[in-house]
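Student: Have a look; sequence and predicted model below, questions after that.
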Amino acid sequence: MKIKSSDFVMSNSSVAKCPSEPIPEYAFIGRSNVGKSSLINMLTQRKGLAKISGRPGKTQLINHFKINDNWFLVDLPGYGYARVSKKDKKTFQKYITDYFRLREQLLSAFVLIDIRHEPQNVDMEFMEWMGENQIPFSIIFTKADKLKPKAIEKQVQDYIAKLLDGVWEEAPNYFITSSSKNIGRDEVLNYIDEINTGFFQEKKN
Ligand code: GTP
Ligand code: MG
């Protein structure tokens, strides 16, 4: 899929205030600093579109970006950020979970995992919660530029094995990406394109 346009639409802290257009939507979620905002910039090839930072906790709101004038990419705050207060963490969590539970336009989420890290409870628990709430998602492994091909393969195999060892009967769909090296761009965009095509086809019928 070709990205012809990408426009920032709005930032807000409540799902009720999100854009009302019934067009396909895809959201990026994961631990702070995993590379959600960077991935949006890589997919759209627009460096400053989503705000990024080396310090965790940069994205604090629900951010909508309209792509090709007919679907949305959504950048969300990260979870598992230790330095926000307990109260802030609760507020964050509430609007993230509300977003996922209530956002009807959301066709699929992407849970981002830093490919260098061993499986973490906070990610496992989040994916379990997504499963319980029947919210479709794929995994996106990020920062693949940091490892050699053999190590990438091992990390992914170990991760999937851990998921299958837990509550998952089937491994979720996954992608391997690097925002700094443009790895995985076509794969993620083609996947979104397939879902979009199905959505618009169904709407026509
Ligand atoms: P929060 O908004 O705080 O939740 O973080 P985020 O998940 O949006 O992460 P962000 O995109 O801001 O990136 C965090 C840091 O990781 C930045 O320093 C990025 O430059 C770096 N980073 C992101 N993607 C990659 C990647 O593919 N490779 C490398 N080497 N660094 C990356
Ligand atoms: Mg961010």
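Tutor: Yep, that arrived. Numbers count the residues shown, from 1 in each chain. Ligands and ions are numbered 1, 2, ... in the order given.
Student: Tell me if the helix ranked longest in the chain is near ligand 1.
Tutor: If you go by DSSP state H, the chain has its longest helix at helix 185-204. No. Helix 185-204 does not reach ligand 1 (Cβ under 6 Å from any ligand atom); its nearest approach is 11.1 Å. Bear in mind the C-beta positions are built from the backbone N, C-alpha and C, glycine included.
Student: For that helix, buried residues please.
Tutor: 185, 188-189, 191-192, 196, 199 (16 or more other Cβ atoms under 10 Å).
Student: Who are the packing partners of that helix?
Tutor: Contact here means 3 or more Cβ pairs under 8 Å, 6 or more residues apart in numbering; DSSP states H and E; on that basis helix 185-204 packs against helix 36-44, strand 106-114, strand 174-176.
Student: circling back: got the buried residues of helix 185-204 as CSV, with distance to Phe141 and pLDDT columns?
Tutor: Shown next, in CSV, are the buried residues of helix 185-204 (distance: Cβ to Cβ, whole Å; pLDDT from 0 to 100):
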residue, distance to Phe141, pLDDT
Arg185, 14, 98
Val188, 11, 98
Leu189, 16, 98
Tyr191, 14, 98
Ile192, 17, 98
Asn196, 23, 97
Phe199, 26, 95
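Student: Next one: the residue nearest to the spatial centre of the chain from Val156, what distance?
Tutor: Among the residues of the chain, Phe28 comes closest to the average C-alpha position under Cα atoms, centre = their mean, at 1.8 Å. Distance, Phe28 to Val156, by Cβ to Cβ, to the nearest Å: 19 Å.
Student: pLDDT score for the residue in the chain that ligand 1 sits nearest to?
Tutor: When scored by Cβ to the nearest ligand atom, the chain has Gly78 as its residue closest to ligand 1, at 2.7 Å. For Gly78, the pLDDT comes out at 89.
Student: Let me know how buried it is, in neighbour terms.
Tutor: Residues lying near Gly78 (other Cβ atoms under 10 Å) number 24.
Student: Can you give me the separation between the residue lying farthest from the centre of the chain and Ile67?
Tutor: Distance to the chain centre peaks in the chain at Asn205, reaching 29.6 Å (criterion: Cα atoms, centre = their mean). With distances taken as Cβ to Cβ, Asn205 is found 24 Å from Ile67.
Student: Contact partners for Pro136?
Tutor: Shown in contact with Pro136 (Cβ atoms under 8 Å, 6 or more residues apart in numbering): 107-109.
Student: CA atoms of stretch 19-29 as PDB?
Tutor: The C-alpha coordinates for stretch 19-29 follow below in PDB (Å, rounded to 0.1, in the frame of the first residue of the first chain):
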ATOM      1  CA  PRO A  19     -13.100  11.100  15.800                       C
ATOM      2  CA  SER A  20     -16.600   9.800  15.100                       C
ATOM      3  CA  GLU A  21     -16.000   8.700  11.400                       C
ATOM      4  CA  PRO A  22     -16.700   5.000  11.000                       C
ATOM      5  CA  ILE A  23     -13.500   4.200   9.100                       C
ATOM      6  CA  PRO A  24     -10.900   1.500   9.900                       C
ATOM      7  CA  GLU A  25      -8.600   2.200  12.800                       C
ATOM      8  CA  TYR A  26      -5.400   0.500  14.000                       C
ATOM      9  CA  ALA A  27      -3.700   1.300  17.300                       C
ATOM     10  CA  PHE A  28      -0.200   0.800  18.600                       C
ATOM     11  CA  ILE A  29       0.300  -0.100  22.200                       C
END
